[in-house]
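> Please find the sequence and the predicted model below.
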Amino acid sequence: MEDDLFSEIANDEQIENMVVKTFQKSSGQVQNILDQNMLLINEINQNHESKIPNNLTRNMGLIRELNNNIRRVVDLSSSFTKFLEASSEGESVGVTKSDGRVGHKRFRPGN
(Lines give C-alpha, C1' and ligand atoms only; values in the text may rest on other atoms or scores of the structure.)
Protein backbone atom coordinates (compact mmCIF):
# COMPACT_ATOMS: atom_id res chain seq x y z
CA MET A 1 0.00 0.00 0.00
CA GLU A 2 2.77 2.41 0.98
CA ASP A 3 4.75 1.47 -2.14
CA ASP A 4 1.73 2.36 -4.28
CA LEU A 5 1.58 5.79 -2.67
CA PHE A 6 5.28 6.46 -3.30
CA SER A 7 4.93 5.19 -6.86
CA GLU A 8 1.97 7.51 -7.47
CA ILE A 9 3.84 10.50 -6.02
CA ALA A 10 6.91 9.75 -8.17
CA ASN A 11 4.70 9.42 -11.25
CA ASP A 12 2.93 12.71 -10.48
CA GLU A 13 6.28 14.46 -10.08
CA GLN A 14 7.47 12.99 -13.37
CA ILE A 15 4.38 14.24 -15.16
CA GLU A 16 4.68 17.66 -13.52
CA ASN A 17 8.33 17.93 -14.59
CA MET A 18 7.41 16.97 -18.14
CA VAL A 19 4.63 19.58 -18.21
CA VAL A 20 6.96 22.30 -16.89
CA LYS A 21 9.67 21.46 -19.45
CA THR A 22 7.14 21.41 -22.28
CA PHE A 23 5.64 24.70 -21.14
CA GLN A 24 9.06 26.34 -20.97
CA LYS A 25 9.96 25.10 -24.44
CA SER A 26 6.60 26.12 -25.95
CA SER A 27 6.57 29.53 -24.30
CA GLY A 28 10.15 30.15 -25.50
CA GLN A 29 9.16 29.29 -29.06
CA VAL A 30 6.08 31.50 -28.83
CA GLN A 31 8.13 34.40 -27.43
CA ASN A 32 10.65 34.10 -30.28
CA ILE A 33 7.85 34.20 -32.84
CA LEU A 34 6.22 37.19 -31.14
CA ASP A 35 9.55 39.04 -31.09
CA GLN A 36 9.92 38.34 -34.81
CA ASN A 37 6.36 39.56 -35.38
CA MET A 38 7.16 42.82 -33.62
CA LEU A 39 10.05 43.39 -36.04
CA LEU A 40 7.85 42.50 -39.00
CA ILE A 41 5.12 44.90 -37.87
CA ASN A 42 7.64 47.72 -37.45
CA GLU A 43 9.01 47.12 -40.95
CA ILE A 44 5.49 46.92 -42.40
CA ASN A 45 4.61 50.25 -40.76
CA GLN A 46 7.79 51.91 -42.03
CA ASN A 47 7.15 50.62 -45.54
CA HIS A 48 3.55 51.82 -45.43
CA GLU A 49 4.55 55.29 -44.23
CA SER A 50 7.20 55.59 -46.95
CA LYS A 51 4.58 55.15 -49.71
CA ILE A 52 7.40 53.85 -51.95
CA PRO A 53 5.88 51.34 -54.40
CA ASN A 54 8.64 48.73 -53.90
CA ASN A 55 8.24 48.95 -50.11
CA LEU A 56 4.48 48.59 -50.39
CA THR A 57 4.95 45.54 -52.61
CA ARG A 58 7.40 44.08 -50.08
CA ASN A 59 4.71 44.44 -47.41
CA MET A 60 2.65 41.74 -49.12
CA GLY A 61 5.37 39.18 -48.37
CA LEU A 62 5.93 40.53 -44.87
CA ILE A 63 2.22 40.32 -44.07
CA ARG A 64 2.17 36.75 -45.40
CA GLU A 65 5.08 35.91 -43.10
CA LEU A 66 3.30 37.58 -40.19
CA ASN A 67 0.16 35.51 -40.84
CA ASN A 68 2.22 32.30 -40.99
CA ASN A 69 3.85 33.20 -37.68
CA ILE A 70 0.44 33.76 -36.09
CA ARG A 71 -0.62 30.30 -37.32
CA ARG A 72 2.52 28.81 -35.75
CA VAL A 73 1.67 30.45 -32.39
CA VAL A 74 -1.86 29.04 -32.58
CA ASP A 75 -0.49 25.57 -33.44
CA LEU A 76 1.98 25.68 -30.55
CA SER A 77 -0.76 26.74 -28.15
CA SER A 78 -3.06 24.01 -29.41
CA SER A 79 -0.33 21.37 -29.12
CA PHE A 80 0.44 22.43 -25.57
CA THR A 81 -3.24 22.32 -24.62
CA LYS A 82 -3.54 18.79 -26.03
CA PHE A 83 -0.36 17.85 -24.15
CA LEU A 84 -1.85 19.12 -20.88
CA GLU A 85 -5.13 17.29 -21.44
CA ALA A 86 -3.35 14.04 -22.26
CA SER A 87 -0.98 14.33 -19.32
CA SER A 88 -3.91 14.68 -16.93
CA GLU A 89 -5.87 11.82 -18.54
CA GLY A 90 -3.02 9.37 -19.14
CA GLU A 91 -3.39 9.35 -22.91
CA SER A 92 -0.83 9.25 -25.70
CA VAL A 93 -0.33 12.63 -27.34
CA GLY A 94 1.45 13.91 -30.42
CA VAL A 95 3.96 16.55 -29.41
CA THR A 96 5.53 18.78 -32.05
CA LYS A 97 9.31 18.71 -31.84
CA SER A 98 11.56 21.66 -32.66
CA ASP A 99 12.28 20.19 -36.11
CA GLY A 100 8.55 20.13 -36.93
CA ARG A 101 8.15 16.35 -36.60
CA VAL A 102 5.55 14.90 -34.28
CA GLY A 103 6.60 12.57 -31.49
CA HIS A 104 4.27 10.62 -29.24
CA LYS A 105 4.43 10.53 -25.48
CA ARG A 106 2.29 8.42 -23.19
CA PHE A 107 1.41 9.48 -19.69
CA ARG A 108 0.16 7.04 -17.11
CA PRO A 109 -1.46 8.52 -14.05
CA GLY A 110 -0.64 6.66 -10.83
CA ASN A 111 -3.10 3.95 -9.78
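Looks like it came in fine. Numbers count the residues shown, from 1 in each chain.
> which residues in the chain form strands?
According to DSSP state E, the chain carries its strands in the segments 92-96, 102-106.
> Name the residues of stretch 34-45 that are buried.
37, 40, 44 (16 or more other C-beta atoms under 10 Å). Quick note: C-beta positions are derived from backbone N, CA and C, even for glycine.
> Contact partners for the spatially closest residue to the first one that is not a sequence neighbour?
Same thing as Asn37. Nearest residue to Asn37 in three dimensions, chain neighbours excluded: Asn69, at 5.3 Å (C-beta to C-beta, 6 or more residues apart in numbering). Asn69 makes contact with 33, 36-37, 40, according to C-beta atoms under 8 Å, 6 or more residues apart in numbering.
> Would you mind giving those as a markdown table with distance to Leu76 added?
Shown next, in a markdown table, are those (distance: C-beta to C-beta, whole Å):
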| residue | distance to Leu76 |
| --- | --- |
| Ile33 | 8 |
| Gln36 | 13 |
| Asn37 | 13 |
| Leu40 | 17 |
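> If we only consider these, which is nearest to Phe80?
Using C-beta to C-beta, Ile33 is the member of the contacts of Asn69 that lies nearest Phe80, at 13.5 Å.
> Test my guess that that closest one contacts Val73.
Yes - look at Ile33 against Val73 with C-beta atoms under 8 Å: they come within range, at 5.4 Å.
> Which pLDDT value goes with the residue nearest to Asn37?
On pLDDT, Asn69 comes in at 98.
> Same check on Asp99?
Per the predicted model, pLDDT is 52 at Asp99.
> same check, this time on the one 4 residues further on
On the pLDDT scale, Gly103 is placed at 55.
> what does Val93 give?
pLDDT, Val93: 49.
> next one: Asn111
40.
> next one: Phe23
pLDDT, Phe23: 89.
> thought it was touching Phe80?
Yes - assessed by C-beta under 8 Å, Phe23 is found in contact with Phe80 at 6.8 Å.
> The two: which is more packed in?
Phe80 (20 against 13; other C-beta atoms under 10 Å).
> for this structure, what's the longest helix?
Secondary structure assigned by DSSP state H gives helix 2-50 as the longest helix of the chain.
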